[in-house]
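Colleague: show me how the following folds:
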Amino acid sequence: KSITFIERTMSEAPHVKSGPTGTGGGGKHVGKVKNKLPAPIQITAEQLLREAKERQLEIVPPPPRQKITDPTELAEYRMRKRKQFEDNIRKNRAVMVNWIKYARWEEETQEYQRARSVYERALDVDHRCVPMWLKYTEMEMKHKQVNHARNIWDRAVTLMPRVSQFWYKYTYMEEMLENIAGARQVFERWMEWEPEEQAWSSYINMELRYKEIDRARDIYTKFVLVHPTVKNWIKFAKFEEKHGNVAGAREVYERAVDFFGEEYMEEGLFIGFAKFEEGQKESDRARAIYKYALEKLTKEQCPDLFKSYSIFEKKFGDRRGIEDVIINKRRFKYETEIKQNPLNYDAWFDLLRLLEADGSLDDVRDTYERAIANIPLVASKKGWRRYIYLWINYALFEELEAEDVDKTREVYKACLEVVPHKKFTFGKIWLMFAQFEIRQKNLDGARKILGTSIGKCPKPKLFKGYIDLELQMREFDRCRKIYEKFLEHDMSNCNTWMKFAELETILGDTDRARAIFNLAIQQPLLDMPEILWKAYIDFEVEEEEHDRVRALYKALLQRTKHVKVWISFANYEASIEHTKKAREIYEEADGSLQSDTQKEERVLCLEAWREFETTHGTEKTQDEIKKKMPRRVKKRRKIDVEEGGEGGWEEYWDYIFPDTEANSSNLKFLQMAKAWKKQKDDDDSDSDEDDEEDEDAADD
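Modeller: Residues are numbered from 1 along each chain as shown. So this is what the prediction gives:
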């Protein structure tokens, strides 16, 4: 019926004319597309694939299901599949996935002997493949071949005893078969290899599942010797406590303390031991354990121990008394260190910190007075740094803890009297003293302190602190005076000139700012003149004073012919749309950088010029700058050695510019002409001498 329908449809279809203008199969001419513009809505390839997937336009039919009913056909099918598997294995024997697929197929066809053969062949290729062993044993266990599985597990754990997965599955199989003795025997074999902690825990948990407490205790005894950590000892003790053996738990803790000794003591062990005794209502034993640990361990080693001890004393004892004992012990230790070396300021800091945490004000004051009495013996600032912080902490203690304003002021004054200001000073002390007076609303006192500081020891830090204070008070006239004093002290500090000019700019006095910049650039010695000139130029650019900017660039070029100055000048002209002037600047820079020692600077200038022409130039100017670009060549030169020996040769990159190359070729031609003329003169003199010898011979 379908064939008849197709024939009827073709007979009823209209005749399509074939020819040069038709659309039939005989003509080769294709109709022209009238509209070649891109479609307003573009479709990506990803969208096409997504729509095809959604509409299921390309549905691939599943392969037909093959039904085998003849034994001969089944044998042929099996032989064909085996040949495919064998070919895959022959191509790459090391790919274990092919072996596993082969063995799984033989298993599905219930050819267990063949599957075993495949697994054995695979293990001969790579006996360290863990998944292969697991699949092999899984097949045997699935089909209840227990003895086969045992044999495979034995071989696996013998070959790879460090693979824990084999042991776990082996013991699990024996336990599922209710062969507890066999599982215990496997665990014992495993424990001989001293595996990780989880393996021991699994062995212990198995014994506990069958109420074998004594066996679990024996395993714990071996476990803590193989993995001797505090955590495992505590776990052993908790096991004994859980099963009602209090004496055994106490014995475990005592053995652990003896085992670690005083050298490897840890606070976790003592915390666990003390909490155990606390749980047994033995508060005296717990207190003795805490005291012993605090005596043997340092403060840095037992922060949690001290917290636990404090909580314990809150429950069962006099917390204040225990803390006093601990403080006295620590204090005795620090006092011993100070007695050995009174200039050990770290010990003083530790002692003062201890007393400030829990001590009387008079005691802390006396300790501070004793500490600051130990003045360093060296007259260098580095040797005084730790000492000066004793004064700082003393002043802060009096102000914040004791809240004694007069005493704080006396401490600051005494500190400033001790410091040798003629050799060195500490600006931090002066500034902290001034800030203290400001907090006390004594502004005049703070100004007096800072004025004295810049009079005795004028440091930049003190000037900046004084200026910041006056800026906060909005005293701009005072700021100007301080800046003037600052500049009188150090006129080479470019940062000070810039900050001064910035202040005037913020206040809107551009004339004063410009005058400051003019004074600054006229100084004969500056620490960072390039930053100062840049700040001055940026200032004029912001003010849109183009003539002044050009004058500044020209003045700077009179002092230095650095390539960055030329490039910056040209970029500025280009930024204000003066391309002609920018080009003239580049030409002038190229002319001034034509010496042999400035080749790299000239290359930088030409590259910047080329970028400029690319953006602002024409094809003619771009071609001109391309002709000016140098050629990079590799050369050799002799290494100079100071001792007069031969240093060898080294290679380096050099630039040959078109103008210097032409001059060098003309010079080479002149040298060759001179050599030719000299050789000709030598030949003429030789011929004259020969003639004179002939005449002398004739006379004879």
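
Colleague: pop out the phi and psi values for residue 227.
Modeller: Torsion angles at residue 227 (phi, psi; degrees, to the nearest 10) stand at phi -120, psi 80.

Colleague: now for it, how many residues are close by?
Modeller: Number of residues near residue 227 (other C-beta atoms under 10 Å) recorded here: 15. All C-beta spots, glycine's among them, are computed from the backbone N, C-alpha and C.

Colleague: isn't it right next to residue 197, touching?
Modeller: Yes. The criterion here is C-beta atoms under 8 Å, and residue 227 meets it with residue 197 at 5.4 Å.

Colleague: can you list the buried residues in stretch 279-287?
Modeller: 282, 283, 285, 286, 287 (16 or more other C-beta atoms under 10 Å).

Colleague: equivalent analysis for stretch 378-387, please.
Modeller: 384, 387.

Colleague: may I have stretch 482-502 as CSV, with CA atoms only?
Modeller: Provided in CSV are the C-alpha atoms of stretch 482-502 (Å, rounded to 0.1, in the frame of the first residue of the first chain):
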residue,chain,number,x,y,z
ILE,A,482,55.4,75.0,61.6
TYR,A,483,56.0,74.2,57.9
GLU,A,484,58.4,77.1,57.7
LYS,A,485,60.3,75.8,60.7
PHE,A,486,60.3,72.3,59.2
LEU,A,487,61.8,73.6,56.0
GLU,A,488,64.3,75.7,57.8
HIS,A,489,65.4,72.5,59.5
ASP,A,490,65.5,70.4,56.3
MET,A,491,65.1,72.1,53.0
SER,A,492,65.9,69.0,51.0
ASN,A,493,62.8,67.1,52.1
CYS,A,494,60.6,67.2,48.9
ASN,A,495,57.6,65.6,50.8
THR,A,496,57.5,68.6,53.1
TRP,A,497,57.4,71.1,50.2
MET,A,498,54.7,69.1,48.6
LYS,A,499,52.6,68.9,51.7
PHE,A,500,53.0,72.6,52.3
ALA,A,501,51.9,73.4,48.8
GLU,A,502,49.0,71.0,49.1
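
Colleague: ok, back up a step: ok, the buried residues of stretch 279-287 vs residue 47, which is closest?
Modeller: Closest approach between these and residue 47, by C-beta to C-beta: residue 286, at 75.2 Å.

Colleague: in which helix or strand does the closest one reside?
Modeller: helix 283-296 (DSSP states H and E).

Colleague: what's the spacing between that helix and its chain's center?
Modeller: In terms of C-alpha atoms, centre = their mean, to the nearest Å, the centre of helix 283-296 is found 45 Å from the chain centre.

Colleague: give the rounded mean pLDDT of it.
Modeller: Helix 283-296 shows a mean pLDDT of 83.

Colleague: which SSE is immediately downstream of that helix?
Modeller: That would be, after helix 283-296 and using DSSP H and E, helix 303-316.

Colleague: tell me which residues of that next one come out buried.
Modeller: 305, 306, 308, 309, 312, 313.

Colleague: checking the nearest residue to residue 162 once chain neighbours are set aside next. Helix, strand or coil?
Modeller: Sequence neighbours aside, residue 193 is the residue nearest to residue 162 in space, at 7.1 Å (criterion: C-beta to C-beta, 6 or more residues apart in numbering). Secondary structure, DSSP: H, G, I helix; E, B strand; the rest coil: residue 193 is coil.

Colleague: any idea how far residue 533 is from residue 193?
Modeller: Distance of residue 193 to residue 533, given as C-beta to C-beta, to the nearest Å: 77 Å.

Colleague: give me the more crowded residue out of the two.
Modeller: When residue 193 and residue 533 are compared for neighbours, residue 533 comes out ahead with 23 against 12, by other C-beta under 10 Å.

Colleague: thought residue 556 was touching the more buried one, still the case?
Modeller: Yes. With contacts counted by C-beta under 8 Å, residue 533 reaches residue 556, the gap being 5.4 Å.

Colleague: and stretch 174-193, what's buried?
Modeller: Neighbour-count burial for stretch 174-193 [16+ other C-beta under 10 Å]: 174, 175, 182, 183, 184, 186, 187, 189, 190, 191.

Colleague: now for the strand or helix carrying the third one, which elements pack on it?
Modeller: Meaning residue 182. Assessed by DSSP H and E, residue 182 sits inside helix 180-191. Counting contacts by 3 or more C-beta pairs under 8 Å, 6 or more residues apart in numbering; DSSP states H and E, helix 180-191 is packed against helix 146-159, helix 164-176, helix 197-209, helix 213-226.

Colleague: deepest in the core, which of these is it.
Modeller: helix 164-176 (a mean of 19; mean count of other C-beta atoms under 10 Å).

Colleague: residues in contact with the residue nearest to residue 459 when sequence neighbours are not counted?
Modeller: Closest residue in space to residue 459, ignoring its immediate chain neighbours: residue 427 at 5.1 Å, by C-beta to C-beta, 6+ apart. Shown in contact with residue 427 (C-beta atoms under 8 Å, 6 or more residues apart in numbering): 453, 459, 461, 462, 465.

Colleague: could you do residue 200 as well?
Modeller: 191, 219, 223, 226, 227.

Colleague: what's the ChimeraX line that selects buried ones from the contacts of residue 427?
Modeller: The ChimeraX command for the buried members of the contacts of residue 427 (criterion: 16+ other C-beta under 10 Å) is given here:
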select :453,459,462,465
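
Colleague: pLDDT below threshold where in the stretch 601-700 of the chain?
Modeller: 641-647, 659-671, 673-674, 683-700 (pLDDT under 70).

Colleague: how about the helices in it?
Modeller: 619-628, 658-699 (DSSP state H, counting those that start in this stretch).

Colleague: return the shortest one as CSV; C-alpha atoms alone will do.
Modeller: Pointing back at helix 619-628 there. Only the C-alpha atoms of helix 619-628 are listed here, as CSV (Å, rounded to 0.1, in the frame of the first residue of the first chain):
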residue,chain,number,x,y,z
GLU,A,619,50.5,57.6,6.9
LYS,A,620,53.4,59.9,5.9
THR,A,621,54.4,60.6,9.5
GLN,A,622,54.0,56.9,10.4
ASP,A,623,56.3,55.9,7.5
GLU,A,624,58.9,58.5,8.6
ILE,A,625,59.0,57.2,12.1
LYS,A,626,59.3,53.7,10.9
LYS,A,627,62.4,54.7,8.9
LYS,A,628,63.9,56.1,12.1
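
Colleague: I am finished for the moment; much appreciated.
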